[in-house]
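*Asks:* Below is the sequence, then the predicted model.
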Amino acid sequence: MTASEIRQHFLDFFKSKGHTIVPSAPIIVKNDPTLLFTNAGMNQFKDYFLGNKKSPSNRIADTQKCLRVSGKHNDLEEVGVDTYHHTMFEMLGNWSFGDYFKAEAIAWSWELLTEVYKLDKDRLYVTVFEGDAKENIPSSSIALEEWKKIVPQERIIFGNKKDNFWEMGDTGPCGPCSEIHVDCRSDDERAKIPGRDLVNKDHPQVIEIWNNVFIQYNRKKDGSLEPLPERHVDTGMGFERLVRVLQNKQSNYDTDVFSNTIQETEKITNKKYKALDDKESIAFRVLADHIRAIGFTIADGQLPSNTGAGYVIRRILRRAVRYYYSYLDYKQPLLFQLLPIIANQFKEVFPELIQQKDFVVKVIKEEEESFLRTLEKGLKKMDSIIEHAKKDNNAIIGGTEAFELLDTYGFPIDLTRLIAQENNLNVDEDGFEKEMQIQKNRSRAATALDTEDWQILNEGSSKGFIGYDNLETTTKVLRYRKVKGKGKELFQIVLDSTTFYAESGGQVGDSGVLYINGNSINIIDTKKENDLIIHFAEEIGTDLLGEVVAKVDGSKRKAITVHHSVTHLMHAALRSVLGAHVAQKGSMVNQEQLRFDFSHFAKVTDEEISKVEEMVNEKIRENIPVVIKSLPKDEAIALGAMALFGEKYGDTVRVVIMDPAYSIELCGGTHVGHTGEIGYFKIKTESAVAAGVRRIEAVSGKAAEDIINMQSEQLKLIKDLLKNPKELEKSIQQLIADNNSLTKRIESLEARQLVGIRNELLQKDEIINNVSFIGETVEVPSADALKKLCFDLKHHLHDHVIVLCSNIGGKAFVAIGISETVNAAKNLDAGKLIKEVAGPKINGGGGGQKTLATAGGQEIGKFDQIIKEIKSLL
C-alpha cells in the first residue's frame, strides 16, 4: 500500500461514517497568540472546543500539516538523528463535536487499523487513563469497558495523568485519552520481552500509533477542572509513523513518504544513503525532513526572517545547509533542487506548493546562497578562535564563543565540537548551555503572557462582527478577563455583537468607546483570538452588566477603509503592469498608509511605478461601485476571485468586486462604497523584503493629500533657497557639479596634507627592542583621514607599532597599527588594544583587525596616557 493510498483509505473510511472531509488549515497560525505554527490536528478546531463557535458539521475528518521544533522528543537538533521524529508531519484525525463519544471512537479506530489496514491484532496494545486521586479525576471506566469488548484484558494498560490525560495548555479544554500502540519488533525480540512492558517506555519499535482524546473538562486558571457542557472527540494518528508500520519498515525515512527525496539527494551529491547512524546518513534524513517544513511554510506565507515564525524557518533551513555542507561535502545550494520533488509528491493533497513552485524555489535558493556566505565567515571565525586558543596555550573553546558561532554563524554545537576535536581542543559545553538558557529565558520573558480566567457575565456565544454598514450598536458584555504581558496590564472584553473590526487580513483593528451605565471604556485595539473578537481596554471600571453602546472611531475607520480598498486596486494594477505571477505575500493597512508585499523577482522600475499609479488613479476617477457578495467558495473561484495562499476560507466566502473585469478578491475587510471615495493614490517607496518578494508603501485619501502638500512645501523651500531660478532642474544639476568639483579639490589638498604629516612622523620613528614605534597626536580633518594616515605609515615601516591620536571637532579619535611580525612575536593585537586601552580612556569604543583598529570617544585629555601605556608594552 502506498502512502497516498494509506491517506485516502483513512479519509474514505471516516467519510463512510458520516464525517465531512475538510482541507488542512495553513501550517502558519494567525489570530492565535499562543502559537506560531499549527502543531496539532486540533488547532483549527479550537473555537469549537472552547464554545466560541458552532461547527458546521458535528463530524469532521482531515489530514493536517503540522510543525513542531520544541518540546518532548521534538528538539530540532534531534530530527534526523533518530528515524521517527520530524519537524513537519501530517496528522490524520477524526473529530466529534458534541456527537459520538468513547464507544464509537474506540470501535472505529480498531476497525480501521485491523480490518481496513489489516494490522496484526497480536501486535497491538491499548492504554486507558487510570484516574488521578490528587485531582479527583475518575478512571476511564467507559473506555475500559469498550476496549474489553475488543481486546483481551492483558492487552489493556493503565496509564497515568502524564501519559493518558491530554491538555490543550495551562488552561482550556482537556480530558483523558486512550492510545493504541504497535509492537514492530521481530518475533524473537517479542518472545523475550512482552510488548506491554515497553509501551510508553520510549522504545523506538514499540510506538504509539493512534491517540483518542475524550475532551470533557475545562482547566481553569486556578488549576481546577469543570465539566464541559458538551463532550468532544479529538483523535490523532501520525501519518509518517502509520506508513512505516504498514509498509513494514524500521525507519520512517525508508517509506515512500521520503524515499523520492533521498534518491534525488543521492543523484545531486553523488553519494549513497546507507541508512546508518553516521553523520552522512543523518544528513540525508535531515534534508528529506527539512525540505518539507521549509517548502510548506513558505507556500503558506511565512518567509524566512530574524524574528518569530520566520526565524524558526530560517533555523531549519540553515541546519539543513550545515549538514549537506559539512557531511555531504556539497558546497552550493541544494535544498531548492529538492523542492520540485516534494511539490509533485503532494500536489493532490496539498496543492498550494506546486501552485507556487517557482516562487518557493527562488526564496529557498537565495536563502541558501546567503547562508553559505555566512557559513564561510563562520569557518574563518572558527580558525581565529582556534588560533588564539593555541597561542594562549588554552585547550578549551569558551562557551560564549561556541554560542556566538551558533547564534551568529549558524554553527551547531556538534559541528563546533567536531572541528575542536580535529584540532585537539575541547568545548566548554556547560558555558555554552548557560548561554543558551539565558537566550531562552530572554525569549520566554519577551513573549510571556499571564491570562486570567474569563469572568462570565452573560451566557452564550458571540454573534460576531456586524460593523460593515454600521459603526454603532447596542449590545452587552458576555465576558471579560485581565491579561498581563511585557509589563502592561490590559483587559479583554467579548461583546454579544460588535461593530469593531478585529485585526485580520492585514487590516488593523478598530478603536473607539463602549458606553455602559453612564461610564465610558476606551477601546484601544480589537483583535481575534482564533475566531473570537476581543476588545482591548486599559481600564474597565467595576460595573459591566447592562446595556452597552459600542461606538467605533469613525474617522479612523474611514482612513483605514480607504487604504484597504485602494490595496485591491493596486494589486490588480501590479498584475496588469508586472504580470500574472504577482501574488500578495503580506499586507498591512492602517489609517496612515498601506504596505503591500508581493511576489516579483526584480526591482519595480520608476516607469512601472508610474503606470501602476496612473492605472489606480484612473479607476478611482471612474468612481466604480464596490460590489460585495457572499458566495460558495467554488463559485467565487470560478468567477475569477483571487484567494490568498496561507489563508483559511469557509465554504461560503465574501467576494469584493471592483469592476468584474478588473478586480475580484476574497476579502473580509471593510471597503468604500465607490472607488471615488478613495480620492487619490500615491506610492511612497518600493523595496526588497526577501528573495522574490518586493514591498510597496503607499497612501491614499487624506494621507495622500498630506504627502503631496509636504512635497509641494519642500519644492517651494528649495526654490526659495536657490533664489527662484527659471530652470530649477538645471540649477540643481549645476549645484551638484560645483559640489563634486570642490569635494575633489578638498580631497586632493587633504591627501597632500597627509603626505606631509606622514613624512614628519617618519622622522620621529623610535626603535624600541628592534620595533619601530611612532606615537603622536596629530591634526587631521576627519576620522577617516586618521585611519588612512595610519595605514599609509604601515607601508613605510617594517616591524612597527603606530599610535595616532586626534581631536576632531572636540571628539577623541585613536588609530593603532601593528605589523604582522610584531603581532606574532609579541602577541600585540591592535583590536584588543583599542578595546582594552584606548576605548576606556577616551570614554568611547571601537574595533578592527589585529593589525589595524580605530576608536572614537568623548575624552580628549588622555592621548599622552594612551601612547605611553602602549609604548611600555614594547
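*Replies:* Perfect, I can see it now.
*Asks:* Please give the element, helix or strand, for Ala573.
*Replies:* Ala573 is part of helix 554-578 when elements are defined by DSSP states H and E.
*Asks:* Hmm, I typed the wrong one, I wanted Glu230.
*Replies:* strand 225-238.
*Asks:* contacts for the helix or strand following that strand?
*Replies:* Heading C-terminal from strand 225-238, the first helix or strand you meet, by DSSP H and E, is helix 239-246. Identification of contacts with helix 239-246 by C-beta atoms under 8 Å, 6 or more residues apart in numbering yields 1, 3, 6-7, 63, 84, 86, 89-92, 117, 119, 182, 184, 207, 209, 250-252, 254-257. Just so you know, the C-beta spots here come from the backbone N, C-alpha and C atoms, and that holds for glycine as well.
*Asks:* Next, the buried residues of the strand holding Glu230.
*Replies:* Within strand 225-238, the residues that count as buried by 16 or more other C-beta atoms under 10 Å are 228, 231-238.
*Asks:* what do you get for stretch 575-584?
*Replies:* Of the residues in stretch 575-584, 575, 577-578, 582-584 count as buried by neighbour count, 16+ other C-beta under 10 Å.
*Asks:* Next one: the residue nearest to His571 when sequence neighbours are not counted from Gly848, what distance?
*Replies:* Nearest residue to His571 in three dimensions, chain neighbours excluded: Gln584, at 6.2 Å (C-beta to C-beta, 6 or more residues apart in numbering). Distance, Gln584 to Gly848, by C-beta to C-beta, to the nearest Å: 45 Å.
*Asks:* Give the rounded mean pLDDT of stretch 492-503.
*Replies:* For stretch 492-503, mean pLDDT rounds to 96.
*Asks:* so how far does that stretch reach from one end to the other?
*Replies:* Using C-alpha to C-alpha, to the nearest Å, one end of stretch 492-503 lies 14 Å from the other.
*Asks:* ok, how many other residues are close to the nearest residue to Tyr468 once chain neighbours are set aside?
*Replies:* Among residues not flanking Tyr468 along the chain, Thr670 sits closest, at 6.3 Å (C-beta to C-beta, 6+ apart). Around Thr670 there are 22 other residues, counting by other C-beta atoms under 10 Å.
*Asks:* what kind of secondary structure is Thr670 in?
*Replies:* Using DSSP: H, G, I helix; E, B strand; the rest coil, the three-state assignment for Thr670 comes out as coil.
*Asks:* For it, list the residues it contacts.
*Replies:* By C-beta under 8 Å, 6+ apart, the contact list for Thr670 reads 467-468, 501, 507, 557, 560-561, 564.
*Asks:* Just give the number of residues close to the closest residue in space to Arg417 that isn't next to it in sequence.
*Replies:* Excluding its sequence neighbours, the residue lying closest to Arg417 (C-beta to C-beta, 6+ apart) is Val427, at 5.2 Å. If you count neighbours by other C-beta under 10 Å, Val427 ends up with 22.
*Asks:* Checking my notes, Lys126 in a strand, right?
*Replies:* Just so we're on the same page, residue 126 is Val rather than Lys. Yes - the assignment for Val126 (three-state DSSP) places it in a strand.
*Asks:* Can you give me every residue that contacts it?
*Replies:* Contacts for Val126 (C-beta under 8 Å, 6+ apart) come out as 147, 151, 155-157, 178-181.
*Asks:* Tell me what it is bridged to.
*Replies:* Legend: beta-bridge partners of Val126 under DSSP bridges are Ile156, Ile180.
*Asks:* which residues in the stretch 651-800 of the chain form helices?
*Replies:* 701-721, 728-763, 783-794 (DSSP state H, counting those that start in this stretch).
*Asks:* I'd guessed Lys148 sits against Ile156; true?
*Replies:* Yes - using C-beta atoms under 8 Å, Lys148 is in contact with Ile156, at 7.1 Å.
*Asks:* These two: who's more crowded?
*Replies:* Ile156 (18 against 12).
*Asks:* what sits against the more buried one?
*Replies:* For Ile156, the contacting residues are 125-128, 144, 147-148, by C-beta under 8 Å, 6+ apart.
*Asks:* My read is that Ala855 contacts Lys811, right?
*Replies:* No - here Ala855 does not reach Lys811: they are 10.9 Å apart, not a contact under C-beta under 8 Å.
*Asks:* Neighbour count for the two, which is higher?
*Replies:* Just comparing Ala855 and Lys811: by other C-beta under 10 Å the higher neighbour count belongs to Ala855, 26 against 15.
*Asks:* Just list whatever residues bridge to that one.
*Replies:* With DSSP bridges as the criterion, Ala855 is bridged to Val814, Gly846.
*Asks:* Could you shift the numbering so residue one becomes 760, and keep it that way?
*Replies:* New numbering, starting at 760: the last item is Ala1614.
*Asks:* which residues touch it?
*Replies:* Ala1614 touches 1572-1573, 1593-1594, 1597-1598, 1601, 1603-1606, counting by C-beta under 8 Å, 6+ apart.
*Asks:* is it true that Arg818 touches Thr779?
*Replies:* Yes - counting by C-beta under 8 Å, Arg818 does reach Thr779; the two are 6.5 Å apart.
*Asks:* So for those two, which sits in the more crowded spot?
*Replies:* Using other C-beta under 10 Å as the criterion, Arg818 and Thr779 rank with Arg818 on top: 19 against 16.
*Asks:* mind checking pLDDT for the spatially closest residue to the more buried one that is not a sequence neighbour?
*Replies:* Take Arg818 and drop its neighbours on the chain: the residue closest to it by C-beta to C-beta, 6+ apart is His778, 4.3 Å away. For His778, the pLDDT comes out at 97.
*Asks:* three-state assignment of Leu794?
*Replies:* Leu794 - assigned by three-state DSSP - is coil.
*Asks:* likewise Phe1250?
*Replies:* In terms of secondary structure, Phe1250 is strand; the call rests on three-state DSSP.
*Asks:* Any idea what it is bridged to?
*Replies:* Under DSSP bridges, the beta-bridge partners of Phe1250 are Lys1241, Ala1296.
*Asks:* That one against Ile1293, yeah?
*Replies:* No - counting by C-beta under 8 Å, Ile1293 is not a contact partner of Phe1250; they are 9.9 Å apart.
*Asks:* Which of the two has more residues huddled nearby?
*Replies:* Ile1293 (26 against 19).
*Asks:* does the more buried one belong to a helix or a strand, and which?
*Replies:* In this assignment (DSSP H and E), Ile1293 forms part of strand 1291-1296.
*Asks:* Thanks again, I'm all set now.
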